[in-house]
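Asker: Quick one: sequence plus predicted model below, questions after.
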Number of protein chains: 4
Amino acid sequence: MPPPAALTKFLSARSDDSHAKRERRKEARPGELLAAALDLFVEKGFAATRSEEVAARAGVSKGTLFLYFPSKEELFKAVVRENISGRFQEWNDEFESFEGDSAEMLRYCLKVWWDRLGAGKASGITKLVISEARNFPDIAAFYQQEVIGPGKDLIRRMLQRGIDRGEFHVADLDYAIYSLIAPMIFLIMMKHSLGACAPQGFQLEPERYIAAQIETLLHGFCKRPGDDRAVGAPA
Amino acid sequence: MPPPAALTKFLSARSDDSHAKRERRKEARPGELLAAALDLFVEKGFAATRSEEVAARAGVSKGTLFLYFPSKEELFKAVVRENISGRFQEWNDEFESFEGDSAEMLRYCLKVWWDRLGAGKASGITKLVISEARNFPDIAAFYQQEVIGPGKDLIRRMLQRGIDRGEFHVADLDYAIYSLIAPMIFLIMMKHSLGACAPQGFQLEPERYIAAQIETLLHGFCKRPGDDRAVGAPA
Amino acid sequence: MPPPAALTKFLSARSDDSHAKRERRKEARPGELLAAALDLFVEKGFAATRSEEVAARAGVSKGTLFLYFPSKEELFKAVVRENISGRFQEWNDEFESFEGDSAEMLRYCLKVWWDRLGAGKASGITKLVISEARNFPDIAAFYQQEVIGPGKDLIRRMLQRGIDRGEFHVADLDYAIYSLIAPMIFLIMMKHSLGACAPQGFQLEPERYIAAQIETLLHGFCKRPGDDRAVGAPA
Amino acid sequence: MPPPAALTKFLSARSDDSHAKRERRKEARPGELLAAALDLFVEKGFAATRSEEVAARAGVSKGTLFLYFPSKEELFKAVVRENISGRFQEWNDEFESFEGDSAEMLRYCLKVWWDRLGAGKASGITKLVISEARNFPDIAAFYQQEVIGPGKDLIRRMLQRGIDRGEFHVADLDYAIYSLIAPMIFLIMMKHSLGACAPQGFQLEPERYIAAQIETLLHGFCKRPGDDRAVGAPA
DNA sequence: TATGAATGAGCCTTCATTCAT
DNA sequence: GATGAATGAAGGCTCATTCAT
């Protein structure tokens, strides 16, 4: 009956749904706060997000926020933890079962990444972590291990598959993975920073951007003997 | 009777480097403030850098800072002009006078970019702008115009040169430039955020990173008929 | 085991004036702040009144002031509304229901104006606005609309009433209203500036001043045929 | 040869004009500063006038201002002293030699007052003194004695003349003078405060204002038997 | 549990005044 | 005398956090 602390309730959430509305709301509090915080952190960053606004958006009072999270920084960490969990698994699975050639696989994976992660709010978390990592070393380390590590592993396996099938040529595998990571991170950063300010035509068109990057990555800029690809505008 | 002060002053006027300390300091002030501001902006970001600390690091009082720069934002713009904007000219010049083939040019330019901008503190400014653009639209606009615009122009001209000389093949020129921009921005972001936290071998080795990106960009991952490049580890 | 807090709270809810101090203070805050602000604004003017001092005089901290009033200027406007604007209604009502002749009405209204507004601290606000209007155009505009407009309307209606009843003669109604306004404003200015410094007999006696102005305004300086008013000193 | 202090030079100004341009400028410094200060004090009041701006308008450096006037407050006092001296004499003389009837005299005097004092910058000093008297009791006292006293005397003599000639009827002479003073002060205050903000039709037209006040003061609002003045709009 | 009034350290910016030259 | 760089005490306002209820 008496749970030792608020966080216990948060961690054990969603056990059963037998309580009345009010009770259920109580159970949902941390989640609502986390959702509100996610929105605002993505929108404004850590420093510029006001605690009061998070509480307001979650429909509770300022004091309640501090009841569940002892400080703004802890709230931040909780948001990161909540939002960057095991989405790699499904991505991994999809990779494992892919049957086409490796170029097609790369095209497919980037598209899926954009549709499921990049285009959504989750990418704002990545932008936020990269932006504020220096002021939150804990989170940086956590993110490094939880997201960057698995991500790099997956990408490395994709390139390795191409090499193994005799489709890809990669000189320095460990660093070649950044040829895929960098364009994705760049797209995310733009979407959530300069791109959010730039008025009209300065905004990147994600699909076109991804298509262009893929083609460069696959074939490179250099023409070679017998190369008769046409030069032209985007599709 | 003491000799009249006016006469003394007249006789000693401007002979050598008299009115020493004060005058010399005065001339140096803006530079000292700019240097201090660069350090702190890079270290803590724009919002988290306090005017007073900039002044203190430059060895002057709070008020003195505002004697030279009317606001924190103008100080920041001055830092940008001092450390980035002004360098495009020389970079442009180098591009114009380059005589080798276009692949070599790309290799050379990326190396020069790293040595002169990326490796130094100036790159921290780029990281900062991308991180905080959304909260400081004026700064974002300024940077867009002052740095990103010229940068994109230069890169577009480099690719265009390759196309014109029949060396490069580029399907979508406007977006192909991001194939060069993204790896640079990514390197900068890592250096100043997660990379600054990662302890040991997690840090990117910039030269190796750049070499790997260039090779991918030039030749792509895909093998093509007659492609007999060796597969191997980094140099 | 302690009795559940929730039950205790429920049983003792809202019975008497429990949750005493804090609640009662909360309700009183705006009033206390307004009173403190009125004092200080009248005493020192707008620019010279420090927010912190207002808060201190109201017995709260700096931050609390801004909890109730978003800026010093809004605080000032609230003071105006509290002390002046709102009173025109009752003054208007009194005018509407007055039944005597118009000369009597003027005498009555000026007396009432002095007793209710002029003699009190509120008149210091008028002095302040006139003194600082030029440096605070927002305040000037606000006051113009909120106080001067209604004031002029009321006075115009008073003169119009006299004309309509065949009691008054007014050549230029729009400017005749200043014949009433000017003496009131002058009295206020004196009371809160030079008069506040003048030591003894230099201070204006308000009642006598008002009586003298009224008589001049009603009858003028000029004798006319059949005028047998006595010439003499004040009562 | 060595004058003890800067103020000596100021006080003894204009002895001979045998010096070169530069010298003469030096002699003129205090006057230029005073003129600049007058402009700015009238325009912005005491608190809002920045020392540096006064110096700049006088064409000297900030330091020089403090060479002649030990503080902003002393500068303020000097401005008041400089600008409110014996203009009463000529006004007095004109009164003494006036030959028309007393109503005409009042009309004439108010017109002259406006043309020579009210319309010019000098009236800004009066506004300023009344506005800031409370913060500068010295100046208030000085002004009381130097300006208000003589002014009241002159006006009292004007009314007395009307009484003596059987043209005026005045019940309370000591306070009747305010019937003339109040409209003038009010006009000045409006001109330099609210009137300076009000956009178009809210501005007082001085001549019309003065004409209207005079008529009220001479004849009053009340009709009396045999009074057949027309009621109407302004001329 | 939940509230929201209250706090107070902190931040950017201003400006009268000083003083080395 | 003249300069103007430098100072530092304020001042308006913000906001994370506390705590009585």
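Answerer: Cool, the structure landed.

Asker: Quick check: buried residues in the longest helix seen in chain A?
Answerer: Looking across chain A with DSSP state H, the single longest helix is helix A:21-44. Residues A:27, A:29-30, A:32-43 are the ones in helix A:21-44 that count as buried (16 or more other CB atoms under 10 Å in any protein chain shown). The C-beta positions use only the backbone N, C-alpha and C, and glycine is treated the same way.

Asker: A:Ala55 against A:Leu65, yeah?
Answerer: Yes: assessed by CB atoms under 8 Å, A:Ala55 is found in contact with A:Leu65 at 4.4 Å.

Asker: Identify the contacts common to those two.
Answerer: Counting by CB atoms under 8 Å, 6 or more residues apart in numbering or on different chains, the contacts common to A:Ala55 and A:Leu65 are A:Leu33.

Asker: Look at those two and report which has more neighbours.
Answerer: Comparing A:Ala55 with A:Leu65 by other CB atoms under 10 Å in any protein chain shown, the one with more neighbours is A:Leu65, at 23 against 20.

Asker: Could you pull up the contacting residues of the more buried one?
Answerer: Taking CB under 8 Å, 6+ apart, we find A:Leu65 in contact with A:33, A:51, A:54-55, A:58, A:75.

Asker: ok, now with 10 Å
Answerer: Taking CB atoms under 10 Å, 6 or more residues apart in numbering or on different chains, we find A:Leu65 in contact with A:29-30, A:33, A:36-37, A:51-52, A:54-56, A:58, A:71-72, A:75.

Asker: and if you look at A:Ala36?
Answerer: Neighbours of A:Ala36 in contact, by CB under 10 Å, 6+ apart: A:49, A:53-60, A:65, A:75, A:79.

Asker: Narrow those residues to those in helices?
Answerer: Using DSSP H, the members of those that fall in helices are A:53-58, A:65, A:75, A:79.

Asker: which of the contacts of A:Ala36 count as buried?
Answerer: Among the contacts of A:Ala36, those buried by neighbour count (16+ other CB under 10 Å) are A:49, A:53-55, A:58, A:60, A:65, A:75, A:79.

Asker: Surely A:Leu40 touches A:Ala47?
Answerer: No: under the criterion of CB atoms under 10 Å, A:Leu40 is not in contact with A:Ala47, lying 11.6 Å apart.

Asker: and the ones in helices among the contacts of A:Ala36, which two are the farthest apart?
Answerer: The most widely separated members of the ones in helices among the contacts of A:Ala36, counting by CB to CB, are A:Ala56 and A:Val79 (16.5 Å).

Asker: A:Trp91: neighbour count?
Answerer: Burial measure for A:Trp91: 18 neighbouring residues, criterion other CB under 10 Å.

Asker: Mind listing what's buried along the host helix or strand of it?
Answerer: Here A:Trp91 sits within helix A:87-96, counting by DSSP states H and E. By 16+ other CB under 10 Å, the buried positions in helix A:87-96 come out as A:88, A:91, A:95.

Asker: For C:Ile84, state which of the residues you listed is nearest.
Answerer: Closest to C:Ile84, out of all of the buried residues of helix A:87-96 and judged by CB to CB, is A:Phe88, at 67.2 Å.

Asker: Just to check, that closest one is in contact with A:Gly151?
Answerer: Yes: at 6.9 Å, A:Phe88 counts as touching A:Gly151 under the criterion of CB under 10 Å.

Asker: domains in chain A, as residue ranges please.
Answerer: What the record gives for chain A is the domain set A:6-82, A:85-219, from automatic domain parsing.

Asker: Which of the helices and strands in chain A ranks last by mean pLDDT?
Answerer: Every helix and strand in chain A was compared by mean pLDDT, DSSP states H and E; the lowest is helix A:6-11, with a mean of 39.

Asker: what residue ranges in chain A are flagged as low confidence?
Answerer: Low-confidence segments of chain A (pLDDT under 70): A:1-27, A:85-87, A:200-201, A:224-235.
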